[in-house]
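>>> pasted the sequence and its predicted model underneath.
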Amino acid sequence: MKGPTEIRSQRAALEQKLAELTAGFQDRSGLAIENSADILDTIRMATDRDVLVQSMNINAQVLSDVREALTRLDNGEYGVCEDCDEATCQVRHMMLEVRQAIAEVLDNRSLAAMRDADNDDFPVELTSQI
C-alpha cells in the first residue's frame, strides 16, 4: 500500500487535473455552427468542430477516470488492482513497464519521424541496402 505522503501527492495531482478538465468544458464557443459562402471555409469549420468534439469526448473520459480515482482514494482502494484485489498485481506491474517503454520510445522520436516511419514500406535497416 502507498504511504500517506504519496497518497496526498497523488490526490493533489488528481485534483489539479480535475480542475483543468472541468475548466476546459466551460468554453463551448468552438461548437457553434457558422455558415460561410466559401465551401472551403465551411469544410474547415466543420473539421475544426469535429476535432473539438473528439477532444471533448476524450477529456470527458479522462475526467470520469480522474473522478473514479479520487473516489477510490476516498474509499482507501486506490492502488489496488480492480481485477484481483491485490496491491502488487503482476498484470498491473507489467502494464506500467510497457507504458514506460512506450514513453521512452515516444520521447526519443519526433512526430515527423514516426509519421515518416509509418509511411515507409521497408524497415530502416533494409533501406540502406536498396
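Alright, I've got the coordinates.
>>> so where is this protein shaky, pLDDT-wise?
For the chain, the stretches with pLDDT under 70 are 1-3, 79-82, 85-88, 110-130.
>>> quick check: domain ranges of it?
1-79, 82-130 (automatic domain parsing).
>>> quick one: those as CSV, columns for mean neighbour count too.
Any C-beta I mention is one placed from the backbone N, CA and C, and that applies to glycine too. Converted to CSV, the domains of the chain look like this (neighbours: other CB atoms under 10 Å):
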stretch, mean neighbour count
domain 1-79, 12
domain 82-130, 10
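>>> in this structure, which spans are helices?
4-24, 39-74, 90-107, 111-119, 124-127 (DSSP state H).
>>> nearest to Gly30, out of the ones you listed?
Nearest to Gly30, of all the helices of the chain, is helix 39-74, at 4.5 Å by CB to CB.
>>> let me know the angle separating the closest one from helix 4-24.
Here helix 39-74 runs at an angle of 150 degrees relative to helix 4-24 (axes from the mean of the first three to the mean of the last three CA atoms, to 10 degrees).
>>> centre of the chain to helix 39-74, how far?
Remark: helix 39-74 is offset 10 Å from the chain centroid, using CA atoms, centre = their mean, to the nearest Å.
>>> quick check: Arg44 vs Val51, distance?
11 Å (CB to CB, to the nearest Å).
>>> do the same with Ser64
As judged by CB to CB, Ser64 and Val51 stand 21 Å apart.
>>> pipe the helices of the chain into CSV and attach distance to Ile33 per row.
CSV is the format used below for these (distance: least, CB to CB, whole Å):
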stretch, distance to Ile33
helix 4-24, 20
helix 39-74, 7
helix 90-107, 36
helix 111-119, 31
helix 124-127, 45
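>>> of all these, which one is nearest Ala32?
Using CB to CB as the measure, helix 39-74 is the one of the helices of the chain that comes nearest Ala32, at 8.3 Å.
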